[in-house]
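Participant: sequence and predicted model, in that order:
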Amino acid sequence: MFGKTRKQAPKDEIAVNAKLLFRGGFIRREVAGVYNYLPLGLRIIEKICDIVRDEMNAIGGQELLLSSLQNKDSWKKTGRWKSFDALFKLTSILNSQYPLGPTHEEVIVPIAKQFISSYKDLPFSVYQIQTKFRDEKRAKSGILRGREFLMKDLYSFHANEKDFNIYYDKAKKAYKKVFKRMGLDAIETQAGGGAFSKISHEYQVIAENGEDEIIYCPGGDFSSNAEVSPVKEGKQCDLGHGPLERARTIEVGNIFPLGTKFSDAFGLTYKNKDGKDLPVVMGCYGIGITRLMGAIVEVHNDDKGIMWPSSVSPYAANLVTINKQQLTTNKADDVYNKLTKAGVEVLYDDREDVSAGQKFADCDLIGIPVRLVVSDRTKDKIEWKNRNENKAELLGIESVIKRLKRSEGA
Ligand code: ATP
Ligand code: MG
């Protein structure tokens, strides 16, 4: 396997996610706020993307891929060439300038304009999972805040507010499913709408190293970004759930009603049944893919390392052989082959000259939910240990396969 574990993280990595992901061999920093994803890290990204795609397809999203180098004229039209603080502006050798995409309204709306003419062309939604660039002032939170990062962005197009609202509610439900499937309890939170609208909804995960703060009801019926909260912590919740609390959080997603802001800028209209031209109503819906990976690490770890939820784990099991004898090696190879044949993703630690203690420490650091050991002592059985428990048990290969298949389906 390309990549190795390390006992120490670089001194200037201060975020828990960056330290653990560095030590586990998932990521390497390029420059501040920019990370490379090694094979183990890419597997996590792919697992997260699979879940996001699944839920976006379920609400009718059609996947596409938009450009990173964008058209300066489009950004001038919306005024964001000047007003978007974190916009990277590239100058080419021919002296023309390009915005390096931090978001894609300026790209998708002119394309949509080529295909929308009648109410019959609405509604629809399109999304992509793509690298975004933002010139962030502070980039000290590891992969939680990158200058280059992966985002899923979906854009929806509607004939009127009513139709938009129906879709917005669907998107809210899909978002809750996405985060739940990744082992995150994301609190739907009222937030400011920025330049677009009065409000938006953020999905906030409680974590002590988060950069955001929310005021929320532990009973689950109220949450507001502390920046825009109409109430303070300590106030009694209207539904009798006790006092509102304040917590540090990580914003993993954000959905916005865009109204006709971008449609107006580009003249995106459609003809209604009476042949009248009306502006298209839009929404946009973001999820930070690489930020999610970091948020999962911030939430699911202990003093030994990461504890991936099985839905996003790079492998279903970490098979370790402690091979004092050739017989054990053969047996472990056999287990590996059987598991692989059964369609189970296994990380096989068959390193020679590495102690059992070091191998176990690496299992705990990398954080795959199940550790399987084949040694002289396990005879014809396999030792099964969950990452989050101390007890181990001996099982036959058939039971191991059955259990791993079951946790995959969960
Ligand atoms: P923040 O307030 O954290 O700077 P934002 O509100 O500017 O983020 P959005 O434009 O709402 O970000 O982007 C959608 C999602 O993309 C965010 O909810 C977040 O999960 C993710 N995201 C935004 N900026 C970054 C970044 N610099 N690095 C990693 N993920 C990011
Ligand atoms: Mg946001």
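Facilitator: Here it is on my side, so go on. Ligands and ions are numbered 1, 2, ... in the order given.
Participant: and the stretch 1-150 of the chain, which residues reach ligand 1?
Facilitator: Counting by Cβ under 6 Å from any ligand atom, the residues of the stretch 1-150 of the chain lying close to ligand 1 are 103, 134, 136, 145-146, 149. For glycine as for every other residue, the C-beta is placed from the backbone atoms N, C-alpha and C.
Participant: from those residues, which ones fall inside helices?
Facilitator: The helices, defined by DSSP state H, take in nothing from these.
Participant: which stretches in the stretch 1-150 of the chain count as strands?
Facilitator: Read by DSSP state E, counting those that start in this stretch, the stretch 1-150 of the chain holds these strands, from start to end of the chain: 27-31, 34-37, 61-63, 88-91, 97-100, 124-133, 148-158.
Participant: quick one: secondary structure of the closest residue to K304 other than its chain neighbours?
Facilitator: What sits nearest to K304 in space, not counting adjacent residues and going by Cβ to Cβ, 6 or more residues apart in numbering, is D364, at 3.8 Å. Under DSSP: H, G, I helix; E, B strand; the rest coil, the three-state class of D364 is helix.
Participant: isn't D364 up against N301?
Facilitator: No - under the criterion of Cβ atoms under 8 Å, D364 makes no contact with N301, lying 10.2 Å away.
Participant: that older thread, run a quick neighbour tally on the residue nearest to K304.
Facilitator: Residues contacting D364 under the criterion other Cβ atoms under 10 Å number 19.
Participant: any chance of the residues of the stretch 1-150 of the chain next to ligand 1 in JSON lines, with pLDDT and neighbour count too?
Facilitator: Converted to JSON lines, those look like this (pLDDT from 0 to 100; neighbours: other Cβ atoms under 10 Å):
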{"residue": "T103", "pLDDT": "98", "neighbour count": "21"}
{"residue": "R134", "pLDDT": "98", "neighbour count": "22"}
{"residue": "E136", "pLDDT": "96", "neighbour count": "18"}
{"residue": "R145", "pLDDT": "97", "neighbour count": "21"}
{"residue": "G146", "pLDDT": "97", "neighbour count": "24"}
{"residue": "F149", "pLDDT": "98", "neighbour count": "24"}
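Participant: ok, the residues you listed vs L21, which is closest?
Facilitator: Distances from L21 to these, taken as Cβ to Cβ, are shortest for G146 (12.5 Å).
Participant: quick one: contacts for G142?
Facilitator: G142 makes contact with 13, 15-19, 21, 35, 294 under the criterion Cβ atoms under 8 Å, 6 or more residues apart in numbering.
Participant: which phi and psi does H300 have?
Facilitator: phi -110, psi 80 (degrees, to the nearest 10).
Participant: residues contacting the closest residue to K177 other than its chain neighbours?
Facilitator: With Cβ to Cβ, 6+ apart as the measure, E55 is the residue that lies nearest to K177, at 5.3 Å, once sequence neighbours are left out. By Cβ under 8 Å, 6+ apart, the contact set of E55 is 174-175, 177-178, 181.
Participant: on the strand side of things, show who the residue of the chain found nearest ligand 1 bridges to.
Facilitator: Residue nearest to ligand 1 within the chain: G288 (2.4 Å; Cβ to the nearest ligand atom). With DSSP bridges as the criterion, the beta-bridge partners of G288 are M151.
Participant: mind checking pLDDT for it?
Facilitator: Looking at G288, its pLDDT is 98.
Participant: from F133, how far off is it?
Facilitator: Using Cβ to Cβ, to the nearest Å, one gets 14 Å for the distance from G288 to F133.
Participant: next: L69.
Facilitator: Note on L69: its distance to F133, by Cβ to Cβ, is 10 Å.
Participant: now stretch 93-108, how far from the chain's geometric center?
Facilitator: The gap between the average C-alpha position of stretch 93-108 and the chain average comes to 24 Å, counting by Cα atoms, centre = their mean, to the nearest Å.
Participant: between the two ends of it, how far is it?
Facilitator: In stretch 93-108, first residue to last residue: 27 Å (Cα to Cα, to the nearest Å).
Participant: buried residues, stretch 312-326. List them.
Facilitator: Going by neighbour count (16 or more other Cβ atoms under 10 Å), the buried part of stretch 312-326 is 312-323.
Participant: which outside residues touch stretch 146-155?
Facilitator: Under the contact criterion Cβ under 8 Å, 6+ apart, stretch 146-155 has outside partners 32-35, 45, 49, 52, 56, 61, 103-105, 108, 112, 125-136, 139, 143, 171, 282-291.
Participant: about what we covered before: so who does the residue nearest to K304 touch?
Facilitator: Under the criterion of Cβ under 8 Å, 6+ apart, the neighbours of D364 are 304-305, 387.
Participant: possible to save the residues you listed as CSV with distance to ligand 1, pLDDT and neighbour count?
Facilitator: As requested, those are exported to CSV (distance: Cβ to the nearest ligand atom, whole Å; pLDDT from 0 to 100; neighbours: other Cβ atoms under 10 Å):
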residue, distance to ligand 1, pLDDT, neighbour count
K304, 26, 98, 14
G305, 23, 98, 20
R387, 26, 98, 22
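Participant: quick one on the thing from earlier: overlap in contacts, L69 and F133.
Facilitator: Here L69 and F133 share the contacting residues 100-101, scored by Cβ under 8 Å, 6+ apart.
Participant: now do the longest strand along the chain against strand 148-158, angle only.
Facilitator: Selection of the longest strand in the chain by residue count, based on DSSP state E, yields strand 245-259. With axes from the mean of the first three to the mean of the last three Cα atoms, to 10 degrees as the criterion, the two stretches strand 245-259 and strand 148-158 enclose an angle of 50 degrees.
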